[in-house]
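In: mind folding the following:
(one chain, ligands or ions: 1)
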Amino acid sequence: MVHEILYLSYQDVNSLCISLESIVDAVEDAFKQKGMGLVEMPPKPGIHPRKDSFIHAMPAYLKRSDAAGLKWISGYPENPARGLPYIVGVFVLNDPETGLPLALMDATWLTAYRTAGATAVAAKHLARGDSEILAILGCGTQGRSNTLMLTKVLPLKVVKAYDVNNKSLESYEAFVKERTDLMVIITSSPREAIEDSDIIVTAGPLLKEPNPVIEADWVKPGTSAFPLDFDSYWKPSAIASMDKFYTDDIVQFNYYVKEGWIRPVEKVFGELSEVVTRTKPGRESDYERIMCMNLGLAILDVAVGKLIYEEAVKKNAGRLLPFL
Ligand SMILES: NC(=O)c1ccc[n+]([C@@H]2O[C@H](COP(=O)([O-])OP(=O)(O)OC[C@H]3O[C@@H](n4cnc5c(N)ncnc54)[C@H](O)[C@@H]3O)[C@@H](O)[C@H]2O)c1
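Out: Alright, predicted model coming up:
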């Protein structure tokens with residue numbers, strides 16, 4: 001018997017040019033399966049070899065898609081200064097029948113786009129349909145992927161960008177202008193980016209002892225906020241002032257609160273999967289200020305990892321490595 005594994009590097013995955021719409025669909029379907037109780041996803045165990053660093057194991061099984069896999073992903077805040085990505089890792093897709101690994105792929109691209117896919121699904125269900133102004137705070141990998149993905153679900157016209165690093169801002173502006181019709185406004189403070197914006201995405205560093213700056217009165221009625229860096233950017237009083245607070249997984253949310261990575265939130269209104277399956281209401285007025293804090297779910301990696309694998313097989317991409 002001969003078994004081979006398909007190996008896909010970052011370049012292999014990136015060059016597949018997977019449509020952003022198909023990622024939104026795959027992510028939304030994963031949330032649907034979660035809402036219907038059709039997923040197996042134990043809370044992610046993690047190790048923390050350096051201050052503010054993490055390496056997480058993220059296994060999941062989606063029953064309706066019959067898709068199984070594991071992401072082993074690290075976040076090292078000092079990496080960008082070394083010329084390395086902040087978030088890097090690998091994803092293994094398994095054959096659910098035999099358990100054999102089918103593919104080993106870069107998980108950097110996967111993480112960038114499945115996370116942005118989750119923001120897009122949250123925006124589709126929770127944002128005002130006429131949202132035109134987007135604020136991006138932290139214009140790195142997630143800032144870029146989230147901007148692209150949000151243009152697929154909202155009629156965005158303007159993005160107000162803020163970053164502490166001018167090089168990040170310059171490459172963000174070039175990236176967005178090359179790929180979208182958005183007008184890019186570079187701002188000089190978080191407040192300038194946020195005021196008047198309909199959508200706020202914060203994608204700065206995730207810190208265990210953060211120094212948050214966003215105040216409640218910077219956020220206008222009707223705004224939707226999607227922090228990717230947990231509560232590192234948001235003052236607890238600003239989070240408490242939201243009309244509704246959602247997350248992607250309450251068990252994980254409570255775990256991070258217990259471990260001191262997130263400050264407690266008085267009322268978690270529901271999970272995004274409950275909104276997607278319509279078991280909990282989403283936005284109920286144009287004036288609500290809504291936050292959905294997605295922490296990142298393994299089911300999204302498996303759903304998008306399977307999509308990448310299928311595209312790669314169709315296009316004969318990557319390299320087959322001998323295994324058994
Ligand atoms: N929730 C999820 O599923 C998920 C998944 C992946 C990443 N993340 C989080 O998203 C965040 C961004 O990750 P990334 O891969 O884009 O990192 P990145 O290093 O590519 O980008 C971070 C950007 O933030 C900028 N920055 C640093 N301090 C800042 C500040 N105070 N204000 C504004 N910008 C600042 C940096 O200059 C850089 O451009 C991290 O917090 C990461 O943990 C969340």
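In: quick check, the residue in this protein closest to the ligand?
Out: Closest residue of the chain to the ligand, Cβ to the nearest ligand atom: Gly140 (1.9 Å). For glycine as for every other residue, the C-beta is placed from the backbone atoms N, C-alpha and C.
In: for Asn165, see how far away that residue is.
Out: As defined by Cβ to Cβ, to the nearest Å, Gly140 lies at a distance of 8 Å from Asn165.
In: stretch 257-266 near the ligand anywhere?
Out: No - for a cut-off given as Cβ under 6 Å from any ligand atom, stretch 257-266 has no contacts with the ligand; the smallest distance is 10.4 Å.
In: also stretch 77-94?
Out: Yes - among the residues of stretch 77-94, 80, 86-87 lie within reach of the ligand under Cβ under 6 Å from any ligand atom.
In: what parts of the protein come near the ligand?
Out: 75, 80, 86-87, 111, 115, 137-143, 162-165, 168, 203-206, 228-229, 294-296.
In: so which of these are in helices?
Out: 111, 115, 141-143, 168 (DSSP state H).
In: host element of the residue lying closest to Val27 once chain neighbours are set aside?
Out: Of all residues not flanking Val27 in the chain, Gly117 sits nearest, at 3.6 Å (Cβ to Cβ, 6 or more residues apart in numbering). In the assignment (DSSP states H and E), Gly117 maps to helix 108-126.
In: ok so, going back, so which of Gly140 and Asn165 has more stuff around it?
Out: Set Gly140 next to Asn165 and count neighbours by other Cβ atoms under 10 Å: Gly140 wins out with 21 against 13.
In: could you tell me which residues make contact with that one?
Out: 80, 86, 163, 168, 172, 203 (Cβ atoms under 8 Å, 6 or more residues apart in numbering).
In: would you format those as TSV with neighbour count and pLDDT included?
Out: Putting the contacts of Gly140 into TSV (neighbours: other Cβ atoms under 10 Å; pLDDT from 0 to 100) gives the following:
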residue	neighbour count	pLDDT
Pro80	16	90
Tyr86	18	93
Asp163	22	98
Ser168	18	95
Tyr172	23	98
Ala203	27	98
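In: reformat those residues as a markdown table; add distance to Pro190.
Out: Formatted as a markdown table, the contacts of Gly140 follow (distance: Cβ to Cβ, whole Å):
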| residue | distance to Pro190 |
| --- | --- |
| Pro80 | 19 |
| Tyr86 | 19 |
| Asp163 | 10 |
| Ser168 | 14 |
| Tyr172 | 15 |
| Ala203 | 12 |
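In: of all these, which two lie farthest apart?
Out: Tyr86 and Tyr172 (14.7 Å; Cβ to Cβ).
In: would you map the helices across the stretch 201-324 of the chain?
Out: 236-240, 250-258, 272-276, 298-314 (DSSP state H, counting those that start in this stretch).
In: tell me the domain ranges of this structure?
Out: 4-110+299-322, 128-296 (automatic domain parsing).
In: now do the same end-to-end measure for the last one.
Out: Which is domain 128-296. In domain 128-296, first residue to last residue: 23 Å (Cα to Cα, to the nearest Å).
In: which residues in the stretch 1-150 of the chain form strands?
Out: 4-8, 39-40, 46-47, 54-62, 67-75, 87-94, 101-106, 133-137 (DSSP state E, counting those that start in this stretch).
In: residue closest to the middle of the chain?
Out: Centroid check for the chain by Cα atoms, centre = their mean gives Thr115 as the closest residue, at 1.9 Å.
In: does that residue really touch Asp301, like I thought?
Out: No - taking contacts as Cβ atoms under 8 Å, Thr115 lies outside contact range of Asp301: 9.6 Å.
In: tell me the contacts of the closest residue to Asn79 other than its chain neighbours?
Out: The shortest distance from Asn79 to any non-neighbouring residue, by Cβ to Cβ, 6+ apart, is to Tyr86 (5.3 Å). Contacts for Tyr86 (Cβ under 8 Å, 6+ apart) come out as 75-77, 79-80, 140-141, 205.
In: repeat that for Leu62.
Out: By Cβ under 8 Å, 6+ apart, the neighbours of Leu62 are 30, 33, 38-39, 68, 299, 302-303.
In: run the last query once more with 7 Å
Out: Contacts of Leu62 were listed using Cβ atoms under 7 Å, 6 or more residues apart in numbering, and they are 30, 33, 38-39, 299, 302-303.
In: mind listing the residues bridging to it?
Out: Beta bridges link Leu62 to Val39, Ala67, judged by DSSP bridges.
In: buried ones in stretch 200-210?
Out: For stretch 200-210, burial by neighbour count (16 or more other Cβ atoms under 10 Å) applies to 200-207, 210.
In: dump that stretch to CSV, keeping only the CA atoms.
Out: Taking Å, rounded to 0.1, in the frame of the first residue of the first chain, the C-alpha atoms of stretch 200-210 are listed here in CSV:
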residue,chain,number,x,y,z
ILE,A,200,-14.7,49.0,13.3
VAL,A,201,-12.1,46.2,13.0
THR,A,202,-9.3,46.2,15.5
ALA,A,203,-6.4,44.0,14.5
GLY,A,204,-3.4,45.2,16.6
PRO,A,205,-1.4,43.0,18.9
LEU,A,206,-3.1,40.7,21.3
LEU,A,207,-1.7,41.4,24.8
LYS,A,208,-2.4,39.8,28.1
GLU,A,209,-1.9,43.1,29.9
PRO,A,210,-3.2,45.5,27.3
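In: with that, I have no additional questions.
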